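Q: this one's sequence-less:
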């Protein structure tokens, strides 16, 4: 149970950090255009799984594992192509998406047995 709580906390914190990073990156720290860019809207889809992740919904953890790979891919591409602070923020995006992915995938795996026991 302690492992499950740690995985839930890791997934929740990394998802919230990724939302905040997306907003701050594209509005203040290193926007594509001065004054901010519409890329800040990339934080909006991250709100879709947020409440299910915070509530520990196993199904949300399952589909969010695949969903987060878009952010991993964007981070890798921008870390490779951008310069300076933007490249560093992209590496942070990669790191947060990897943390979320592994926490979510292991949460779904370890709660499978609890979920299966409830159905029998």
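A: Structure received. Here the structure is a predicted model, which means the values were calculated and not measured. Numbering: from 1, shown residues only.

Q: Remind me which helix or strand the residue positioned nearest the centre of the chain belongs to.
A: Residue closest to the mean C-alpha point of the chain, counted by CA atoms, centre = their mean, is residue 15 at 3.9 Å. Assessed by DSSP states H and E, residue 15 sits inside helix 2-24.

Q: List the buried residues in the helix or strand that that helix is followed by.
A: Next in sequence after helix 2-24, counting helices and strands by DSSP H and E, comes helix 50-55. Neighbour counts over helix 50-55 (16 or more other CB atoms under 10 Å) mark 52-53 as buried. In short, each C-beta sits where N, CA and C put it, glycine included.

Q: Then stretch 72-87?
A: When burial is assessed from 16+ other CB under 10 Å, stretch 72-87 yields the following buried residues: 72, 74-75, 78-79, 82, 86-87.

Q: Check stretch 88-99 too.
A: Going by neighbour count (16+ other CB under 10 Å), the buried part of stretch 88-99 is 89-90, 92-97, 99.

Q: And stretch 52-71, by the same measure?
A: Residues of stretch 52-71 classed as buried by neighbour count (16+ other CB under 10 Å): 52-53, 56, 58, 60-62, 64-65, 67-68, 71.

Q: and if you look at stretch 3-15?
A: Within stretch 3-15, the residues that count as buried by 16+ other CB under 10 Å are 7-8, 10-12, 14-15.

Q: Then stretch 35-43?
A: Neighbour count says stretch 35-43 has 39-40, 42-43 buried, by 16+ other CB under 10 Å.

Q: Pipe those residues into a markdown table and attach pLDDT and distance to residue 109 per row.
A: Below are the buried residues of stretch 35-43 laid out as a markdown table (pLDDT from 0 to 100; distance: CB to CB, whole Å):
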| residue | pLDDT | distance to residue 109 |
| --- | --- | --- |
| 39 | 82 | 33 |
| 40 | 86 | 33 |
| 42 | 92 | 28 |
| 43 | 93 | 28 |
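
Q: Which residue lies closest in space to residue 31, excluding its sequence neighbours?
A: Distances taken as CB to CB, 6 or more residues apart in numbering place residue 37 nearest to residue 31, at 4.7 Å, with adjacent residues excluded.
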